[in-house]
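Q: Got a predicted structure here, sequence first:
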Amino acid sequence: SMAGSPCPMSGLEIAAVLLGIANIVLIIRRSVWNYPFAIAMVSLYFIIFRDAKLYSDAGLQIFFVAVNAYGWWSWQRNKAGAGEIVVEELTANGFGGWIAGSILATLAWGLFMTNHSDASYPLWDASVAMLSVVGQILMTRRLIENWYWWIAVNIISIPLYILKELYLTAGLYALFLVLAVAGLVEWRKVQARQS
C-alpha cells in the first residue's frame, strides 16, 4: 500500500512537481524551453505512477517523452522572432472529432486495463491518460484548444491522486488547473494580437 510510502518517493515527487511548474509556466509563455523540463518531469513520474500501480498514467509518461521530443522539434520550426510560437485554432468539426476520439479511446483503454491488469481505478486512470494524450498532441500542434483538455485532465486527476495518497501530485494538479486557465486566457490574447 502507499500508506507508508518511503522518503525517496516524496523526494522524487517534490522534484517532479518543481519541474512541472517550470514546464507549465514556459508553455504559457509559448517558450520552446518548456520541453526539456517536461521530459525530466515525466521521467520521474514514470517511476512514481508505476509504484502507485497507476499503470495507464505510468505508460503515458513514456508517450510523453516521445511527444515532447517531437514538440521540441516542431516548436523550433514554428517560432516567431522572440522564440514564441504561433497559435492555431481547430475548426468546429475538428473539435467535435477530438472530443469523440477522446471518449472512445478512454473507454477502449479502460476496458483493456480492467481485464488485463491489477491497475487501481482502471477507467478513471485511463481517462486521465487518454485526455492527456489528446491535450499533448493539440499542444504540440500549437492548437489553443489544448487548454480545454488540460483543464479536464486536472479536474479528473486531483481526486484520483488524493485517493492514491499522492498529495503533492494532487496539489501540483490543482496548481496546473489554475495555470491551464491562465494559459487559455494568455493564448487567447496572443491569438487576438495575431489576427
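A: Received the coordinates, thanks. Numbers count the residues shown, from 1 in each chain.
Q: Show me where the chain has its strands.
A: Remark: no strands are assigned in the chain by DSSP state E.
Q: Point to the residue nearest the middle of this protein.
A: Ser132 (4.7 Å; CA atoms, centre = their mean).
Q: Just to check, that residue is in contact with Leu60?
A: Yes - with contact defined as CB atoms under 8 Å, Ser132 counts as touching Leu60 (5.8 Å). Any C-beta I mention is one placed from the backbone N, CA and C, and that applies to glycine too.
Q: still on that earlier bit, next one: the residue nearest to the centre of the chain from Ser102, what distance?
A: 10 Å (CB to CB, to the nearest Å).
Q: Trp149 now?
A: According to CB to CB, Trp149 and Ser102 sit 7 Å apart.
Q: Check which helices and strands the worst-scoring helix or strand of the chain on mean pLDDT sits against.
A: Between all helices and strands in the chain, the lowest mean by mean pLDDT, DSSP states H and E belongs to helix 7-28, at a mean of 86. With contacts taken as 3 or more CB pairs under 8 Å, 6 or more residues apart in numbering; DSSP states H and E, helix 7-28 sits against helix 34-51, helix 167-194.
Q: could I get it in CSV with only the CA atoms?
A: This file holds the C-alpha atoms of helix 7-28, laid out as CSV (Å, rounded to 0.1, in the frame of the first residue of the first chain):
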residue,chain,number,x,y,z
CYS,A,7,11.0,9.0,1.9
PRO,A,8,12.8,8.7,-1.5
MET,A,9,9.4,8.7,-3.2
SER,A,10,8.4,12.0,-1.7
GLY,A,11,11.8,13.4,-2.8
LEU,A,12,11.1,12.2,-6.3
GLU,A,13,7.6,13.7,-6.1
ILE,A,14,9.0,17.1,-4.9
ALA,A,15,11.5,17.2,-7.8
ALA,A,16,8.7,16.2,-10.4
VAL,A,17,6.4,18.9,-9.0
LEU,A,18,9.0,21.7,-9.3
LEU,A,19,9.9,20.6,-12.9
GLY,A,20,6.2,20.5,-13.7
ILE,A,21,5.6,24.1,-12.5
ALA,A,22,8.6,25.4,-14.6
ASN,A,23,7.2,23.4,-17.6
ILE,A,24,3.7,24.9,-17.5
VAL,A,25,4.9,28.5,-16.9
LEU,A,26,7.1,28.2,-20.0
ILE,A,27,4.2,26.7,-22.1
ILE,A,28,2.0,29.7,-21.1
